[in-house]
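1. Pasting the sequence and the predicted model now:
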Amino acid sequence: MDPSLANISSPIRPRWRKVAYGGMQPGYDDNHTDESFLEGMVMNASVVKRDMLKVMLDSVSISEYLCIVALVVLVWTRTLTSTIDENSLLFIDVSLLVSGFLILLFTQEMLSLSLLLHYFLNISFFITVLYVLAPIYQTLTRSISSDSIWAVAASLVVLHLFLHDYSESTVKAPGALKSPALTSCISVNASIVASVFVASRLPSRLHVFAIMLFSLQVFLFAPLVTYCIKKYSFRLHLCFSISLMVTTLSFVYMLHRLLFVLLLSLLVFVNVVCPYWLIRIQEYKFEINGPWDEAKLCFDITD
Amino acid sequence: MTGDSLKHRILMVSDFFYPNFGGVENHIYYLSQCLLKLGHKVVVVTHAYGSRSGVRYMTSGLKVYYVPWKPFVMQNTLPTIYGLLPIIRTILIRERITVVHGHQAFSTFCHEALMHARTMGYKVVFTDHSLYGFSDVGSIHMNKVLQFTLADVSQAICVSHTSKENTVLRSGLPPEKVFVVPNAVDTAIFKPAVDRPSRSEIVIVVISRLVYRKGVDLLVEVIPEVCRLHPNVRFIIGGDGPKRVRLEEMREKHSLQDRVEMLGAVQHVQVRYVLISGHIFLNSSLTEAFCIAILEAASCGLLTVSTRVGGVPEVLPDEMIVLAEPDPGDMVHAIQKAIAMLPKIDPQAMHNRMRELYNWHDVAKRTEIVYDRALKCSNQNLLERLSRYLFCGAWAGKLFCLVMIVGFLLWQLLELWQPADDIEEVPDFSLPRNCDEEMLEKKPLK
């Protein structure tokens, strides 16, 4: 057949263009799907590939904090049943304060005298105010029954654990700009209120002062101390956490068998089951990006 | 030749219609007018706007039902899954509708009406006007609702190719079911100025709602830089919104009161006057499925500078638009390029080109093809359709099936209680073509 005749009988249609103007493109229907369809789609661009061991090691900081809170609750129960008297409590307070200071000293790079003095002044101011306000806490919940106190304190501690910022973004080096999120503020407040409630059940002023100092010391400064340890050396952090877990488990075992089993299962769940679960469901992650996405501003909006 | 093709009886459904002004509203209005001119019958259903409730007639006999449901948030009616079933059924039977056409994924009225129309066996077409993301909570819910509506739609229309990709990914529709029919612009209204503004001072016009997604933060960075580099450039900013304060602060900070004019909210009828006072139109949106504002500006003879987002690169040919990345440095560079291109631009030639490129009658003809295709889809009964809903998800699929079954039962109940034969059908009447002129001739002007 004559090639020129063949050309006339089947005209070559122009290439399809990805444009909206000019009406219907000749030779193509409006629902024509070109090979370049979904060409610009990018899948799972920012998804991190996780390794089981690393996730387990990272979850150690969560269980470390759980053990710290368990120890605090343990001290509360022992004090309330008068197993620990006020002098030994004061001794615990002072030793915690001194050891916390020492850890900060050894792990912080900047070891200036003025910073130390600054910390020391703040701590003494804090202790003085707490001592002065102790009588108020003692009589705070006199008209409320004990059951309500235990229930509220327990739920506040659970709330505190739920909303606590485990990524330690609230612990900042001096000069950081990032303000803490709403949930971490709520969690700190919950822990303080729980401490006040528990302290108000104690008989004498000194008891109240000692337990308040202990609780606030731990809830407010433990994140800072653990952050400093972790930053200094990961192995030290690992040893510290494991020894803490062992200590807590042994103390709880001496207190009550059932609580020991619960704590142990919780630690196993957080350290072993959760990382495995996270990695299992990670493979279902499907993140889609493309030209239809809203553009992200590359500069910060400073109002 | 008009007698050959099938004449459809179309019901346009959306929350967004006149007296509101916007992209979707204008699209429905102009499309309806052009379909009426092609000989089809069009009825619009929307919710009541304030005291505007009941049946109204607009130009060319366009009948609008303002259903007495009040909007509850952002012009959307309260979603009461089956609440609209009786009124929609009555309207569909009265007007003897053949195709139901819903607009905008964000409209609850549209989703409900389309669901009821499918329950009653009508053919359904859906047009999506916006782009949505995938990752935030609002988008995830919206996409699930869209999956439900589009699981059983006859055909779908998107306004740009990027929008088609986005809709197909969000809803899981097969791409062959989605038609790309863009918006258009009424070039008879948007004409360039008779005397062009002088080129001694270059005027850049911005008209948009001053909200985050229209990129006002980019404007705040770009305007002082451009004013610094080009002493003869002036800005006119029309529109209002929460971000207006930032622009005013920028004006104060850089002492640009005489170079940046803020007009506040601009009425739709005034838009052309604002546009023709400028040389360049600046659009800094962060996301845009189509962007009709650019078409209006090009029709008035302005050169456009825009961010390269969404469907914007598809809208105008390269000689009428300068694209930039949504980054202040790149946008300043693009504005400089546009200023250099200005002497070569002839507004009247640009307007004539726009008349060839975009035309509402063309949009109506292409939509007619979609309706023809929709009517060819097979009629399926409830059981066959239920299998399509099961694909929407493990839990969602079963929930959607349940919703459809209950809807079907309610419909059967309505059929018994208020039989279709009892509903009076509206007789067809067509306004004579030049009835307005005849009336004017008869009334002598005093």
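-> Arrived safely, thanks for sending. Residues are numbered from 1 along each chain as shown, chains lettered A, B, ... in the order given.
2. Helix or strand: which one has residue 115?
-> You didn't pick a chain, so chain A it is. helix A:113-138 (DSSP states H and E).
3. right idea, wrong chain: chain B
-> helix B:108-119.
4. Touching, B:Glu261 and B:Ile223? I think so.
-> No. B:Glu261 is beyond contact range of B:Ile223, at 11.6 Å (criterion: C-beta atoms under 8 Å). No exception for glycine: its C-beta is placed from N, CA and C like everyone else's.
5. quick one: which of these two has more around it?
-> Each of B:Glu261 and B:Ile223 has its neighbours counted (other C-beta atoms under 10 Å in any protein chain shown); B:Ile223 has more, 26 against 16.
6. Let me know the secondary structure of the more buried one.
-> Secondary structure assignment for B:Ile223 (DSSP: H, G, I helix; E, B strand; the rest coil): helix.
7. before we move on, back to that, just checking, what packs against the helix holding B:Met115?
-> strand B:9-13, strand B:41-47, strand B:76-77, helix B:85-94, strand B:99-103, strand B:123-128, helix B:137-150, helix B:396-417 (3 or more C-beta pairs under 8 Å, 6 or more residues apart in numbering or on different chains; DSSP states H and E).
8. so which of the ones you listed comes closest to chain A?
-> Distance to chain A, taken as C-beta to the nearest C-beta, is lowest for helix B:137-150 among those, at 10.2 Å.
9. which outside residues touch the closest one?
-> B:102, B:105-106, B:111, B:114-115, B:126, B:128, B:132-134, B:156, B:167, B:170-173, B:389, B:392-393, B:396, B:400, B:403 (C-beta atoms under 8 Å, 6 or more residues apart in numbering or on different chains).
10. Buried residues, it. List them.
-> B:142-150 (16 or more other C-beta atoms under 10 Å in any protein chain shown).
11. and what of stretch A:193-209?
-> Burial within stretch A:193-209, assessed by neighbour count using 16+ other C-beta under 10 Å, is assigned to A:194-202, A:206-209.
12. Equivalent analysis for stretch B:171-190, please.
-> Buried, per 16+ other C-beta under 10 Å, within stretch B:171-190: B:171, B:173, B:175, B:177-187, B:190.
13. Could you do stretch B:245-258 as well?
-> Buried-residue list, stretch B:245-258, by 16+ other C-beta under 10 Å: B:246-247, B:250-251, B:256.
14. In PDB, please show the C-alpha coordinates belonging to that stretch.
-> C-alpha atoms of stretch B:245-258 as PDB (Å, rounded to 0.1, in the frame of the first residue of the first chain):
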ATOM      1  CA  VAL B 245      -3.100  42.600  60.500                       C
ATOM      2  CA  ARG B 246       0.300  41.200  59.400                       C
ATOM      3  CA  LEU B 247       0.100  43.100  56.100                       C
ATOM      4  CA  GLU B 248      -0.700  46.300  57.900                       C
ATOM      5  CA  GLU B 249       2.200  45.700  60.400                       C
ATOM      6  CA  MET B 250       4.500  45.200  57.400                       C
ATOM      7  CA  ARG B 251       3.300  48.500  55.900                       C
ATOM      8  CA  GLU B 252       4.100  50.300  59.200                       C
ATOM      9  CA  LYS B 253       7.400  48.700  59.700                       C
ATOM     10  CA  HIS B 254       8.800  49.600  56.300                       C
ATOM     11  CA  SER B 255       6.900  52.900  55.900                       C
ATOM     12  CA  LEU B 256       5.200  51.800  52.800                       C
ATOM     13  CA  GLN B 257       1.900  53.600  53.300                       C
ATOM     14  CA  ASP B 258       2.100  55.400  50.100                       C
END
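15. Let me see the residues that make contact with that stretch.
-> With contact meaning C-beta under 8 Å, 6+ apart, stretch B:245-258 is reached by A:303, B:210, B:216-217, B:219-220, B:223-224, B:227, B:235, B:237, B:260, B:262.
16. The residues you listed, buried ones only, as a PyMOL selection?
-> Remark: buried members of those, expressed as a PyMOL selection using 16+ other C-beta under 10 Å:
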select buried, chain B and resi 210+216+217+219+220+223+224+227+235+237+260+262
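17. Now render the contacts of stretch B:245-258 as a markdown table, adding pLDDT, secondary structure and distance to B:Phe290.
-> Formatted as a markdown table, the contacts of stretch B:245-258 follow (pLDDT from 0 to 100; DSSP: H, G, I helix; E, B strand; the rest coil; distance: C-beta to C-beta, whole Å):
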| residue | pLDDT | secondary structure | distance to B:Phe290 |
| --- | --- | --- | --- |
| A:Asp303 | 58 | coil | 31 |
| B:Leu210 | 92 | coil | 20 |
| B:Val216 | 93 | helix | 20 |
| B:Asp217 | 92 | helix | 22 |
| B:Leu219 | 93 | helix | 21 |
| B:Val220 | 93 | helix | 25 |
| B:Ile223 | 94 | helix | 25 |
| B:Pro224 | 93 | helix | 30 |
| B:Cys227 | 93 | helix | 30 |
| B:Phe235 | 94 | strand | 25 |
| B:Ile237 | 94 | strand | 22 |
| B:Val260 | 93 | strand | 28 |
| B:Met262 | 93 | strand | 26 |
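18. related to what we said a few turns ago, want to throw the buried residues of helix B:137-150 into JSON lines with pLDDT and distance to A:Cys67?
-> Listed next are those as JSON lines, based on pLDDT from 0 to 100; distance: C-beta to C-beta, whole Å:
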{"residue": "B:Met142", "pLDDT": "88", "distance to A:Cys67": "43"}
{"residue": "B:Asn143", "pLDDT": "89", "distance to A:Cys67": "42"}
{"residue": "B:Lys144", "pLDDT": "89", "distance to A:Cys67": "41"}
{"residue": "B:Val145", "pLDDT": "89", "distance to A:Cys67": "45"}
{"residue": "B:Leu146", "pLDDT": "90", "distance to A:Cys67": "47"}
{"residue": "B:Gln147", "pLDDT": "89", "distance to A:Cys67": "46"}
{"residue": "B:Phe148", "pLDDT": "89", "distance to A:Cys67": "47"}
{"residue": "B:Thr149", "pLDDT": "89", "distance to A:Cys67": "51"}
{"residue": "B:Leu150", "pLDDT": "89", "distance to A:Cys67": "52"}
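19. And the helices in chain A, which stretches?
-> Per DSSP state H, chain A carries helices over the ranges A:3-9, A:52-80, A:86-107, A:113-138, A:146-163, A:182-199, A:205-232, A:234-255, A:257-268, A:274-282.
20. possible to save those as a markdown table with distance to B:Arg308 and mean pLDDT?
-> As requested, the helices of chain A are exported to a markdown table (distance: least, C-beta to C-beta, whole Å; pLDDT from 0 to 100):
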| stretch | distance to B:Arg308 | mean pLDDT |
| --- | --- | --- |
| helix A:3-9 | 39 | 48 |
| helix A:52-80 | 39 | 91 |
| helix A:86-107 | 49 | 87 |
| helix A:113-138 | 51 | 87 |
| helix A:146-163 | 42 | 93 |
| helix A:182-199 | 36 | 91 |
| helix A:205-232 | 43 | 88 |
| helix A:234-255 | 45 | 92 |
| helix A:257-268 | 52 | 94 |
| helix A:274-282 | 33 | 91 |
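21. Compare those and give me the one nearest B:Ser306.
-> Proximity to B:Ser306 (C-beta to C-beta) singles out helix A:182-199 among these, at 37.7 Å.
22. contacts for the closest one?
-> With C-beta under 8 Å, 6+ apart, helix A:182-199 has contacts from A:76, A:80, A:137-138, A:140-141, A:149, A:152-153, A:156-157, A:159-165, A:169-170, A:207-208, A:211-212, A:215-216, A:219-220.
23. same thing but at 6 Å, please
-> With contacts defined as C-beta atoms under 6 Å, 6 or more residues apart in numbering or on different chains, helix A:182-199 is touched by A:76, A:137, A:149, A:152-153, A:156-157, A:159-160, A:163-165, A:170, A:208, A:211-212, A:215, A:219.
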